[in-house]
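In: Return a 3D structure for these sequence lines:
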Amino acid sequence: MVDSKTLENMRQRQHIMNDETINAHVNDYGVLMQSDIPYMDDGSEYHLLDVYSPADYKKDKKLPVVIVIHGGGYSSGYKELDRRIAQFVATNGFHAVNINYTLMPEVGFETELKEVFTVADWISTHSEEYGFDDTRVSVMGDSSAGHYVMMVAAAQNNPDTYGYFNISPYKNGFRGYVSICPATFEIIKTSDNEINAEVRSVLSDWFEDEEYYKHCLYTEYMNKNYPRIMIVTTPTDSILASESIALHKYMVKNNIDHVYKSYEGVKNKLDHVFNVLFPEYEESKQANADIIAYLKECSK
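Out: Numbering: from 1, shown residues only. Coordinates of the predicted model:
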């Protein structure tokens, strides 16, 4: 049974910890902002997105697109958490589409994955209106959304995954995938870390479904068809460092092509999703520059 009190506390804590910073950094990068656009016409705040574009963008040329997915322990968070990193992406010649989505435990991966693929279809449908190059779309997410990104890669390329979750792969395919300090069900199920244990308590109903749980494990959905993905982490991630290392080792052992970048704190103490929460750090600037380099390579 879901721990409803813990769930409520998690969602409130996101606002207590982050709203002041979010409100102080509405548009640090001076990008063009179009906010709270519905990608599904049901009136739900979970189905809104923002579009960020370079300040000097004119629609005489279509730009590649990056879908940005916020984290929050699977069951909390909102798109504004990733506003700054999405805007940084936009300053580098991309349209950044920063999305909300329905949270767990009210729904599972089937609904959430369908929402991400709905966003991709929305991008294609509105390519002329916004100047999207719908043939060059990448996906990026952090923490629990790092898991979502890995699942999107599987749902696009692995018949077992897209069959089980009843997904129609994006017609143009995705170019790149960036997973920042990713959570995985492997560690949430076993970790003694207080935050991971808290997440486990609110996802308990989903974890008890053995077939569902199995399909959410990277040890199950990563295969020879898995696309090249970028993993960004730090060894001082107090929540998920060991899992990123384990993920990297698994991918190396099984010859799964990927880019693995781990950053050490030099001037600043780095922790979970450091480059998302503190993009002003020198180490974050390097990590985010490396992400841009990867995305540009994928978008050629």
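In: what mean pLDDT does stretch 139-148 have?
Out: The average of the pLDDT scores along stretch 139-148 is 98.
In: how about that stretch: buried residues?
Out: 139-148 (16 or more other Cβ atoms under 10 Å). Using the backbone N, CA and C atoms, a C-beta is placed for each residue, glycine as well.
In: Kindly report the same for stretch 174-181.
Out: Within stretch 174-181, the residues scored as buried using 16+ other Cβ under 10 Å are 174-181.
In: circling back: so which of the buried residues of stretch 139-148 sit within strands?
Out: Mapping those onto strands (DSSP state E) picks out 139-142.
In: possible to save the buried residues of stretch 174-181 as JSON lines with distance to residue 299, pLDDT and secondary structure?
Out: Shown next, in JSON lines, are those (distance: Cβ to Cβ, whole Å; pLDDT from 0 to 100; DSSP: H, G, I helix; E, B strand; the rest coil):
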{"residue": "174", "distance to residue 299": "11", "pLDDT": "98", "secondary structure": "coil"}
{"residue": "175", "distance to residue 299": "5", "pLDDT": "98", "secondary structure": "coil"}
{"residue": "176", "distance to residue 299": "7", "pLDDT": "98", "secondary structure": "coil"}
{"residue": "177", "distance to residue 299": "12", "pLDDT": "98", "secondary structure": "strand"}
{"residue": "178", "distance to residue 299": "12", "pLDDT": "98", "secondary structure": "strand"}
{"residue": "179", "distance to residue 299": "17", "pLDDT": "98", "secondary structure": "strand"}
{"residue": "180", "distance to residue 299": "18", "pLDDT": "98", "secondary structure": "strand"}
{"residue": "181", "distance to residue 299": "23", "pLDDT": "98", "secondary structure": "coil"}
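In: for the protein, what spans make up the strands?
Out: Counting by DSSP E, one finds strands in the chain at the ranges 32-38, 48-53, 63-69, 95-99, 132-142, 177-180, 229-233, 258-262.
In: Looking at the buried residues of stretch 139-148, which is nearest residue 259?
Out: For residue 259, the nearest member of the buried residues of stretch 139-148 is residue 140. The distance, counting by Cβ to Cβ, is 12.8 Å.
In: For beta bridges, what are the partners of the closest one?
Out: On the basis of DSSP bridges, residue 140 is bridged to residue 68, residue 178.
In: who's in contact with it?
Out: Residue 140 is in contact with 66-69, 89, 149, 177-180, 291, 295, counting by Cβ atoms under 8 Å, 6 or more residues apart in numbering.
In: Mind naming the longest helix for the protein?
Out: helix 4-24 (DSSP state H).
In: helices or strands up against it?
Out: Where contact means 3 or more Cβ pairs under 8 Å, 6 or more residues apart in numbering; DSSP states H and E, helix 4-24 is packed against helix 194-202.
In: who are the neighbours of the helix it packs on, in terms of helices and strands?
Out: Going by 3+ Cβ pairs under 8 Å, 6+ apart, helix 194-202 lies up against helix 4-24, helix 185-190.
In: Now distance to residue 81 too, for the contacts of residue 140, in CSV please.
Out: Shown next, in CSV, are these (distance: Cβ to Cβ, whole Å):
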residue, distance to residue 81
66, 16
67, 15
68, 10
69, 10
89, 14
149, 15
177, 19
178, 16
179, 16
180, 12
291, 17
295, 20
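In: Of those, which is the nearest to residue 231?
Out: Nearest to residue 231 among these, with distances taken as Cβ to Cβ, is residue 179, at 5.3 Å.
In: check contacts around the closest one.
Out: Counting by Cβ under 8 Å, 6+ apart, residue 179 makes contact with 140-142, 146-147, 149-150, 229-232.
In: Distance check, it against residue 154.
Out: Going from residue 179 to residue 154 by Cβ to Cβ, to the nearest Å gives 12 Å.
In: now swap in residue 65 and tell me
Out: Distance of residue 65 to residue 154, computed by Cβ to Cβ: 20 Å.
In: How about residue 15?
Out: In terms of Cβ to Cβ, residue 15 sits 32 Å off from residue 154.
In: Which one of the two is surrounded by more residues?
Out: Neighbours per residue (other Cβ atoms under 10 Å) separate residue 15 from residue 154, with residue 154 holding more: 27 against 13.
In: I figured that one was touching residue 164, is that so?
Out: No: Residue 154 is beyond contact range of residue 164, at 9.9 Å (criterion: Cβ atoms under 8 Å).
In: For residue 123, give me its contacts.
Out: Shown in contact with residue 123 (Cβ under 8 Å, 6+ apart): 65, 67, 97, 130, 132, 134, 137.
In: count of residues packed around the nearest residue to the last one once chain neighbours are set aside?
Out: It stands for residue 137. Leaving aside its sequence neighbours, residue 137 sits nearest to residue 65 (Cβ to Cβ, 6 or more residues apart in numbering; 4.7 Å). Neighbours of residue 65 under the rule other Cβ under 10 Å: 30.
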